[in-house]
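**Student:** have a look; sequence and predicted model below, questions after that.
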Amino acid sequence: MAMDFETPLRSLLSPLGLALYDVELERGTLNVVVTKEGGVDLESLTKANRSISEWLDETDPIPGRFTLDVSSPGLERRLRVPEHFISAIGESVTLRERRDGESTRRLEGTLLEANDTTLTINDEQSGRVVVEISSIERARTVFRWGAEAKPTPSRAKTSSSTSKKG
């Protein structure tokens, strides 16, 4: 049974002026990615790390040892859930698509549309391509130096980590 970390984390981060971008428990690390209007600074990450760490100590929702990693999305944000793709419409993205019986397809270009199940990318080689989000192995935004940047909640990749044992 997977625990819902989103609801308690959103309520912990909101008073700090932070929004939850992503949370994932993977290979012994609880990755919490936060955003903030105007960008995430080290002080905000430190406060978020402390607040989440205290909550984890009190509630003990994860058995065994794990590491807490609190960070901002950075210049090249990982895109994992439909909301991530929807927020990246108009940006350059790169992705790897798994295809049954065929080799993995790599696409890169401007994200034109996205909804809960599919996205449309204007791929640099293939033109307009529709992809099922469930078939995406890995995706991220692509930062291009000198390009007209779309305003995003965070421009710098910073991180604050704490190890926990349970």
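**Tutor:** Thanks, I have it.

**Student:** report pLDDT for the most far-flung residue of the chain relative to its centre.
**Tutor:** Each residue of the chain has a distance to the centre, and by CA atoms, centre = their mean the biggest one is for residue 101: 28.9 Å. Looking at residue 101, its pLDDT stands at 83.

**Student:** switch to numbering from 48
**Tutor:** OK, 48 is where the count begins now, so the last one is residue 148.

**Student:** ok, now which ones touch it?
**Tutor:** With CB atoms under 8 Å, 6 or more residues apart in numbering as the criterion, no residue contacts residue 148. All C-beta spots, glycine's among them, are computed from the backbone N, C-alpha and C.

**Student:** tell me the strands beside the helix or strand encompassing residue 168, with direction?
**Tutor:** Element membership for residue 168 (DSSP states H and E) is strand 165-170. If you go by DSSP bridges, strand 165-170 pairs up with strand 149-161 (antiparallel), strand 174-179 (antiparallel).

**Student:** Serialize the ones you listed to CSV and add fields for mean neighbour count and distance to residue 98.
**Tutor:** Converted to CSV, the strands paired with strand 165-170 look like this (neighbours: other CB atoms under 10 Å; distance: least, CB to CB, whole Å):
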stretch, mean neighbour count, distance to residue 98
strand 149-161, 15, 31
strand 174-179, 13, 37
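
**Student:** looking at this, residue 87 is in a helix?
**Tutor:** No. If the criterion is DSSP: H, G, I helix; E, B strand; the rest coil, then residue 87 is coil and not within a helix.

**Student:** so for stretch 132-140, mean pLDDT?
**Tutor:** In this model, stretch 132-140 carries a mean pLDDT of 92.

**Student:** hmm, who's touching that stretch?
**Tutor:** By CB under 8 Å, 6+ apart, the residues outside stretch 132-140 that reach it are 124, 126, 155-162, 166, 168, 180, 186-191, 194, 197.

**Student:** 6 Å - rerun?
**Tutor:** 126, 157, 158, 161, 166, 188, 189, 191, 197 (CB atoms under 6 Å, 6 or more residues apart in numbering).

**Student:** tell me the contacts of the second one?
**Tutor:** Right, the one you point to is residue 157. Residue 157 neighbours (CB under 6 Å, 6+ apart): 139, 169.

**Student:** sorry, back to before: now the strand holding residue 168 - C-alpha only, CSV.
**Tutor:** C-alpha atoms of strand 165-170 as CSV (Å, rounded to 0.1, in the frame of the first residue of the first chain):
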residue,chain,number,x,y,z
THR,A,165,-1.5,12.1,-23.9
LEU,A,166,0.8,14.9,-25.0
THR,A,167,1.6,16.3,-28.4
ILE,A,168,5.2,17.2,-29.3
ASN,A,169,6.5,19.0,-32.3
ASP,A,170,9.5,16.7,-32.7
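
**Student:** okay then, goodbye and thanks.
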